[in-house]
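Asks: Starting from these lines, generate the structure:
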Amino acid sequence: MLNQHTLGNGVVGFLFATTGPMAVIFAAASRGNLSAADIASWVAAGYGLTALVTMAFSVYHRQPLAFSWTIAGGVVVGTAFDRLSLNEAVAAYLVTGVVMAVLGATGLVTRVMALVPIPLVMAMVAGMFFPWGVGLVKAFGDHFAIAAAMVGAYVIAAMLPAIGRYVPPVVAALIAGVIVVVADGSTAPDRTVTWALATPIVYAPAFTVRAMVELVIPLTVTVIGIHNAQGLAYLRTAGYRPPENAITLACGLGTLVTGALGSVPMCLVGPVTGILNLSGPTAHRWVSAVVFAVLCGIFALFAPVIATVGLALPPAFIAALGGLALLGVLQTAFVHGFKGRFTLGATVTFIVTASPVTIFNISAAFWGLVFGALVSALLERDDHRAARETG
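Replies: All right, here's what the predicted structure looks like:
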């Protein structure tokens, strides 16, 4: 069962999960003034504990079920760190975990998500990730050599399947960027690498109304409506019958643990699930998830090393890597957010979410969904009627 397909797909899935997404962590850490120890705890929980869930679920269900922390949730929290402390965010993680656990245990996941049209959800994602696309462009002005090398490597790997099959475009960009950073000595000179194993921190939650309002709904929507929905779609396309309620319950209960250790909520990772299903007999693809889990567990074990290395990298490197890693997600969000029904509501959702404004000290991601849903309910009644009739 461990063959070139299961091994190769597991390794590629691991590389995807640990390259570009790390840029989201470092960007959020910068906005929240998180320490290297805080980042290390996030990495240890977000990759280590979720790896155990991945292994258990994949072996039991004989399906490639890849769990990790929510990238979209990391973007939401990163923007909120201007107003919220890490302890307030932890409290929101825990409440989100409870909400997801209840939805999974009661089987209400599908009915609850049906209340929010998918185009509005995807428009919110587009609005959240849009600054990362802009940041990729700005990286050329901040450090042209780094940005140019990374974009060039990404394009070459994407154009040439013989290269991209073994070195994914984002990994190629990472390698090219590191080479330029090392060559011109642009790492932070006051940063030293911490050679130690992971020691997660248990954070005391600070329950505040503003954190609950600002984070719980967007985090729940990003996990269930984006990551999990995408992963479940990949699995069904491959011929599996994924245990949707059990997955949602696991994400909720897992978040109660990872959240207490400083990581954003746990989810079924859509892109990685797709990678694990790229090739090989469907009966054996669960082995690729085990490979993915083992590698993520090792990665989490050395979280302090990863945290200090990441903090030494220049901002242009982080911006370029994150922008390239999220480019596909941004493209998908635009495609599914602005075609067919609910386009006016999606447009309002995108504009509000992408704006830097806060209302009542609550971030734009929450208000994007609120105003988009309100406009859609008032001005797109035909779309809502058609959606109900077609199921």
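Asks: Low-confidence ranges, the chain, go.
Replies: Within the chain, the segments meeting pLDDT under 70 span 114, 188-191, 391.
Asks: give me that answer again for 80
Replies: Low-confidence segments of the chain, defined by pLDDT under 80, are located at 1-5, 109-116, 164-166, 186-194, 356-358, 360-363, 388-391.
Asks: which helix is the longest one in it?
Replies: In the chain, taking DSSP state H as the definition, the longest helix is helix 118-142.
Asks: Give the other helices and strands that that one contacts.
Replies: Packing contacts for helix 118-142, counted by 3 or more CB pairs under 8 Å, 6 or more residues apart in numbering; DSSP states H and E, involve helix 71-80, helix 144-159, helix 217-221, helix 315-325, helix 327-337, helix 343-354, helix 364-379. All C-beta atoms are positioned from the backbone trio N, CA, C, and that covers glycine.
Asks: which of the residues in the helix or strand just after the second one are buried?
Replies: Secondary structure here is assigned by DSSP states H and E; on that basis, the next helix or strand after helix 144-159 toward the C-terminus is helix 161-164. Along helix 161-164, these residues count as buried under the neighbour rule (16 or more other CB atoms under 10 Å): Gly164.
Asks: starting at the chain centroid, how far to helix 161-164?
Replies: Averaged C-alpha coordinates place helix 161-164 at 25 Å from its chain's average position (CA atoms, centre = their mean, to the nearest Å).
Asks: With stretch 70-89 instead?
Replies: Taking mean C-alpha positions (CA atoms, centre = their mean), stretch 70-89 and its chain are 12 Å apart.
Asks: Flag every buried residue along stretch 141-154.
Replies: Counting neighbours by 16+ other CB under 10 Å, stretch 141-154 gives His143, Ile146, Ala147, Ala149, Met150, Val151, Ala153, Tyr154 as buried.
Asks: typo on my end, stretch 383-391
Replies: For stretch 383-391, burial by neighbour count (16+ other CB under 10 Å) applies to Asp383, Ala387.
Asks: how about it as PDB, C-alpha atoms only?
Replies: Extracted C-alpha coordinates of stretch 383-391, given in PDB (Å, rounded to 0.1, in the frame of the first residue of the first chain):
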ATOM      1  CA  ASP A 383     -32.400  34.200  -6.600                       C
ATOM      2  CA  HIS A 384     -33.400  33.000  -3.100                       C
ATOM      3  CA  ARG A 385     -36.700  31.700  -4.500                       C
ATOM      4  CA  ALA A 386     -35.000  29.800  -7.300                       C
ATOM      5  CA  ALA A 387     -32.400  28.400  -4.800                       C
ATOM      6  CA  ARG A 388     -35.200  27.000  -2.600                       C
ATOM      7  CA  GLU A 389     -37.100  25.500  -5.600                       C
ATOM      8  CA  THR A 390     -34.000  23.700  -6.900                       C
ATOM      9  CA  GLY A 391     -32.900  22.600  -3.400                       C
END
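Asks: contact partners of it?
Replies: Stretch 383-391 is contacted by residues Pro117, Arg341, Phe342, Ser376, Ala377 when judged by CB atoms under 8 Å, 6 or more residues apart in numbering.
Asks: Pick out the most distant pair among those.
Replies: Set against one another by CB to CB, the contacts of stretch 383-391 have their most distant pair in Arg341 and Ala377, with a gap of 12.9 Å.
Asks: Specify which residue of those two has the higher count of neighbours.
Replies: Arg341 (18 against 13; other CB atoms under 10 Å).
Asks: Quick one: the helices in the stretch 201-350 of the chain, in order.
Replies: Per DSSP state H, counting those that start in this stretch, the stretch 201-350 of the chain carries helices over the ranges 209-211, 217-221, 229-237, 244-260, 270-276, 286-301, 303-311, 315-325, 327-337, 343-354.
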